[in-house]
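Asks: Sequence and predicted structure are below.
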Amino acid sequence: MSQPIINHYVGGAEFVGESDRLADVFDPALGVATKSVRLATTGDLVAAVAVAKTAFETWSTMSLTKRVAIVFKFRELLEAKKGELAAIITEEHGKVLSDALGEITRGQEVVEFACGLPHLLKGEFSLNASTDVDVYSLKQALGVVGIISPFNFPAMVPMWFFPVAIAAGNTVILKPSEKDPSAAIWMAHLWKEAGLPDGVFNVVHGDKVSVDALLEHPDVESISFVGSTPIAQYVYETGAKHGKRVQALGGAKNHMLVLPDADLDLVADSAVNAGFGSAGERCMAISVVVAVDPIGDDLVAAVKDKMSAIKVGDGRRSCDMGPLVTEVHRDKVASYIDIAEKDGATIVTDGRDVKADGEAAGFWLGPTLIDHVPTSSKVYQEEIFGPVLSVVRVKSYEEGVALINSGAFGNGTAIFTNDGGAARKFVTDIQVGMVGVNVPIPVPMAYFSFGGWKHSLFGDSRAHGEEGFRFFTRQKVVTSRWLDPSHGGLNLGFPQN
């Protein structure tokens, strides 16, 4: 019996297109392919853009009152039905149901923020800027915008972008990860139920073919991307070369600096939660704990003890951590444990020995703790994107800050301390875009903006918040004078008042 095929969604309906290329979609906890997803051709993408471009003509001119009602309706439907979406995420990604629900809630915050679109789209006005001359600004939609989202947050990351883009009057082509594509289709149907006109929100599945087609299509005005740094840089450079606005969020290597006065019980809980939630497949996961002497041994012992309580298994059961998304990814993450051993690090807890509550064929790798990781090791330098937590020892606060600042990434970081002065100094000294003080995963609320520094962000614009509305609109400035009956005479001189 053939597997169900996940097709594209264009113009308010399922769209098959011309492609016969398919990719397997796995249930990671079972270790078997349960569906196939259709991979688009360039022609399929071109057809979707044409539909979105036509829909833009009507959607961009719809009143703000009508637009906000549709966005708010989507929010209400999402709240009522998010259990359905969570089950889809768990089935295709593998994260436990509670984590999937948390992902949806954080995405929903952006939908709620976008409901403030009448205020967020207001321009500015200066009366009598010059004699009898008024100057005002407008924010107008771009047109068709592209979103390329990763596998690790199949609902939340698209919701960082499309609620704002749609609220601002744009039409959307979403290219979700081919590893877990069903969440995007589910959200497309929810938009239709909310009353969104056909063609405003479209989903085109695929691989590099569809990505390149989005980056190069002349009618796609902007690209929003989240993924690994090499691909983010490629997306940024290719999109910019083709005249597009691009916000490309890349990889991370997030550090947690622990000072000697910190509450080690709180630190251990935070390190475990931030390091192993969603099997470490988070760009905001803590992957390196930087322990300032003399607390290293005590901290490692505390983290190891907390890790012993983690139950790994099928996310639909009573478990704390699920599988990794694919067998290939699981094997790649596990290979870093081999590298750590060769580089002289100490494997405190080895996730390769995990006994999971699930099918033997599942893509299992348990929480792994590695101490005394050399900073010259790939285990320290590269983004692992899995449940591997490294510990590095330093002698002082200054050495810890210098270590973090010397890295190629600047996505997120945290400091744990009871010293307010040290925390305040850290916030100023650290060269990272998102900082937590006794908070291990400092993901901003929707009304702030998400994005890192250095090789964690390409482009000038961050996700959601007011920056999101600026990214998805063009500003137009109008200088206006309405002459009264008393005007008269010629004056060829340059206006001076």
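Replies: Nice, thanks for sending it over.

Asks: Could you find the closest non-adjacent residue to the residue positioned nearest the centre of the chain?
Replies: The centre of the chain sits closest to residue 157, judged by C-alpha atoms, centre = their mean, with a distance of 3.9 Å. Leaving aside its sequence neighbours, residue 157 sits nearest to residue 149 (C-beta to C-beta, 6 or more residues apart in numbering; 4.6 Å). Heads up, the C-betas are built off the backbone N, CA and C, glycines and all.

Asks: hang on, the earlier thing: tell me the secondary structure of the residue nearest to the centre of the chain, please.
Replies: Using DSSP: H, G, I helix; E, B strand; the rest coil as the criterion, the local structure at residue 157 reads helix.

Asks: who touches it in this structure?
Replies: Residues in contact with residue 157 (C-beta atoms under 8 Å, 6 or more residues apart in numbering) are 107, 149, 150, 226.

Asks: let's see 7 Å
Replies: Under the criterion of C-beta atoms under 7 Å, 6 or more residues apart in numbering, the neighbours of residue 157 are 149, 150, 226.

Asks: check contacts around the nearest residue to the last one once chain neighbours are set aside.
Replies: Taking C-beta to C-beta, 6+ apart as the measure, residue 226 lies nearest to residue 249, with 4.5 Å between them; neighbours along the chain are not counted. Neighbour list for residue 249: 225, 226, 232, 451, 456, 457, 463 [criterion: C-beta under 7 Å, 6+ apart].

Asks: hmm, back to that, show me which of the contacts of residue 157 is closest to residue 357.
Replies: Minimum separation from residue 357 among the contacts of residue 157 (C-beta to C-beta) is found for residue 150, which lies at 26.8 Å.

Asks: Pretty sure residue 123 sits in a strand.
Replies: No. With three-state DSSP as the criterion, residue 123 is located in coil rather than a strand.

Asks: That one touches residue 140, doesn't it?
Replies: No. In this structure, residue 123 is not within contact of residue 140 by C-beta atoms under 7 Å, at 9.5 Å.

Asks: what residues are shared contacts of those two?
Replies: Shared contacts of residue 123 and residue 140 (C-beta under 7 Å, 6+ apart): none.

Asks: could you give the mean pLDDT of stretch 230-237?
Replies: The average of the pLDDT scores along stretch 230-237 is 98.

Asks: And stretch 392-400, by the same measure?
Replies: Confidence for stretch 392-400, expressed as mean pLDDT, is 98.

Asks: again, but for stretch 195-214
Replies: Per-residue scores along stretch 195-214 average to 98.

Asks: Show me which residues of that stretch are buried.
Replies: Buried residues in stretch 195-214, defined by neighbour count with 16 or more other C-beta atoms under 10 Å: 196-206, 209-214.

Asks: same question, stretch 12-27
Replies: Buried residues in stretch 12-27, counted by 16+ other C-beta under 10 Å: 12, 15, 17, 19, 22, 23, 25, 26, 27.

Asks: Okay, and which of the residues you listed map to strands?
Replies: Assigned to strands by DSSP state E, the following of the buried residues of stretch 12-27 qualify: 15, 22, 23, 25, 26, 27.

Asks: Closest one of those residues to residue 446?
Replies: For those, the minimum distance to residue 446 (C-beta to C-beta) is 29.3 Å, reached by residue 25.

Asks: How many neighbouring residues does the closest residue to the closest one other than its chain neighbours have?
Replies: Spatial nearest neighbour of residue 25, chain neighbours left out: residue 35 (4.2 Å); criterion: C-beta to C-beta, 6+ apart. For residue 35, the number of neighbouring residues by other C-beta atoms under 10 Å comes to 18.

Asks: go on, residue 230?
Replies: The local packing count at residue 230 equals 11, with neighbours defined by other C-beta under 10 Å.

Asks: Next, work out how far apart it and residue 333 are.
Replies: Going from residue 230 to residue 333 by C-beta to C-beta, to the nearest Å gives 17 Å.

Asks: Settle this for me: residue 314 is touching residue 360, isn't it.
Replies: No. In this structure, residue 314 sits apart from residue 360 without contact. The criterion is C-beta under 7 Å, and the distance is 11.7 Å.

Asks: quick one: which of these two has more around it?
Replies: With other C-beta under 10 Å as the criterion, residue 314 and residue 360 differ in neighbour count, and residue 314 comes out ahead with 22 against 8.

Asks: Quick check, pLDDT for the more buried one.
Replies: The score at residue 314 is 98. That number is its pLDDT.

Asks: likewise residue 493?
Replies: As summarised for this prediction, residue 493 has a pLDDT of 74.

Asks: what secondary structure does it sit in?
Replies: Bear in mind the rule, three-state DSSP; under it residue 493 is coil.

Asks: neighbours of it, just the number please.
Replies: Residue 493 is surrounded by 6 other residues when neighbours are defined as other C-beta under 10 Å.

Asks: wait, what's in contact with it?
Replies: Residues in contact with residue 493 (C-beta under 7 Å, 6+ apart): none are found.

Asks: okay, now the domains of this structure?
Replies: According to the domain assignment given by automatic domain parsing, the chain is divided into the following structural domains: 5-250+456-478, 254-437.

Asks: For the longest helix along the chain, buried residues please.
Replies: Of all the segments of type helix in the chain, defined by DSSP state H, the longest one is helix 64-92. Buried residues in helix 64-92, counting neighbours by 16+ other C-beta under 10 Å, are found at 67-68, 70-75, 77-78, 82, 85-92.

Asks: got the end-to-end distance for stretch 443-457?
Replies: Taking C-alpha to C-alpha, to the nearest Å, stretch 443-457 runs 15 Å from one end to the other.

Asks: Pretty sure residue 471 sits against residue 461.
Replies: Yes. Counting by C-beta under 7 Å, a contact exists between residue 471 and residue 461, whose distance comes to 4.3 Å.

Asks: now the strands: where do they sit in the stretch 151-300 of the chain?
Replies: 171-175, 201-203, 220-226, 245-249, 254-258, 286-292 (DSSP state E, counting those that start in this stretch).

Asks: With distance to residue 275 as extra columns, can I get these in TSV?
Replies: Formatted as TSV, the entries for those read as follows, by distance: least, C-beta to C-beta, whole Å:
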stretch	distance to residue 275
strand 171-175	30
strand 201-203	32
strand 220-226	20
strand 245-249	20
strand 254-258	9
strand 286-292	5
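
Asks: mind checking how far stretch 204-223 is from the chain centre?
Replies: For stretch 204-223, the gap between its own C-alpha mean and the chain's C-alpha mean amounts to 18 Å (C-alpha atoms, centre = their mean, to the nearest Å).

Asks: ok, and what's touching that stretch?
Replies: Counting contacts by C-beta under 7 Å, 6+ apart, the residues touching stretch 204-223 from outside are 6, 8, 37-42, 44-46, 48-49, 53, 142-146, 148, 173, 175-176, 178, 181, 235, 238-239, 242, 244-246, 471-472.

Asks: With stretch 396-410 instead?
Replies: For stretch 396-410, the surrounding residues in contact (C-beta under 7 Å, 6+ apart) are 251-253, 255, 257, 259, 290, 292, 375, 394, 413, 422, 426, 429-433, 452-456.

Asks: PyMOL command to pick out the buried ones of the residues you listed?
Replies: Under the burial definition 16+ other C-beta under 10 Å, those of these that qualify are selected in PyMOL by:
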select buried, resi 251+252+253+255+257+259+290+292+394+413+422+426+430+432+433+452+454+455+456
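
Asks: For residue 484, give me the pLDDT.
Replies: At residue 484, the pLDDT recorded in the model is 72.

Asks: neighbours of it, just the number please.
Replies: 7.
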